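*Asks:* Just to be clear, the model below is a prediction. Sequence and coordinates:
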Amino acid sequence: MDKLKQIKLNAIVAKILHNTKIKKYGLSRSIFSFISISIPIIITAIMFFSKGSDTESLVSIVSFIVSIGVVLWGIVMLIANIDEKYFSHKIQASKNIDVANEAENILGARDLPQETVQWFTKYSSQIDEKDNEILNGIKEDKKREAYRNALKEFEPGNHEIKCPICGKSPWKYNPGNCQLCGNTMEETNV
């Protein structure tokens, strides 16, 4: 049972971290799309209205520079694989939602064959491996924040839930040194 609870908690943490990345990459994609569509329209309108005026040559130069900038930004987006990262985080977030839901179903089930639990444990470890691959490089403070939020989400409405390391509530966060949730830990005299 404890292993299934840990699987569920890990899946919720991973889902939260993936959703953070989805927002980041989604915003980058939206900004790029907006600029890619709006800049040519704006530049074309400005060029049309400046035709035959004293500013026509200046507008042509600015248009050329802006066009090169948009192309370079597109190249950077391709090199950075923003679309691929966006979709891989979406897929993994979805898989983690499924794992968390299935762990909850298994925890609530009676007379479940041990083979089913073993298969689910193996499947969830494969999802964990992919999560570790995709989420490598996440800062510790972001992981701790995701863990606190996952504790809150683990049992909705249960305000008694505590971090297993420091014993503090994620609802009452005071920055500290707990390696899991980042909450303050009581000093112990040794």
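*Replies:* Yes, it's here.

*Asks:* Next, the contact list for residue 185, please.
*Replies:* 165-166, 168, 176-178 (CB atoms under 8 Å, 6 or more residues apart in numbering). Any C-beta I mention is one placed from the backbone N, CA and C, and that applies to glycine too.

*Asks:* Give me the residue ranges of the chain where confidence is low.
*Replies:* The model of the chain has pLDDT under 70 over residues 186-190.

*Asks:* Go again with 80.
*Replies:* The model of the chain has pLDDT under 80 over residues 1, 185-190.

*Asks:* Now do the helices in this structure.
*Replies:* 2-50, 56-79, 82-108, 114-134, 140-154 (DSSP state H).

*Asks:* Compare those helices and report which one is nearest to residue 183.
*Replies:* Of all the helices of the chain, it is helix 140-154 that lies closest to residue 183, at 7.5 Å by CB to CB.

*Asks:* Next up, phi/psi of residue 135, please.
*Replies:* In terms of degrees, to the nearest 10, the main-chain angles of residue 135 are phi -90, psi 10.

*Asks:* Apart from its chain neighbours, what residue comes closest to it?
*Replies:* residue 17 (5.3 Å; CB to CB, 6 or more residues apart in numbering).

*Asks:* now do residue 3
*Replies:* residue 121 (6.7 Å).

*Asks:* count of neighbours near the one you found?
*Replies:* 14 (other CB atoms under 10 Å).

*Asks:* cool, and residue 171?
*Replies:* Should you count by other CB under 10 Å, residue 171 turns out to have 12 residues around it.

*Asks:* what number of residues lie near the residue found closest to it once you drop the neighbours it is linked to in the chain?
*Replies:* Once flanking residues are discounted, residue 171 sits nearest to residue 159: 5.8 Å by CB to CB, 6+ apart. By other CB under 10 Å, 10 other residues sit near residue 159.

*Asks:* May I have the phi/psi pair for residue 159?
*Replies:* phi -90, psi 10.

*Asks:* returning to what we had before: give me whichever of the helices of the chain is most buried.
*Replies:* Counting by mean count of other CB atoms under 10 Å, helix 140-154 has the highest mean neighbour count of the helices of the chain, with a mean of 18.
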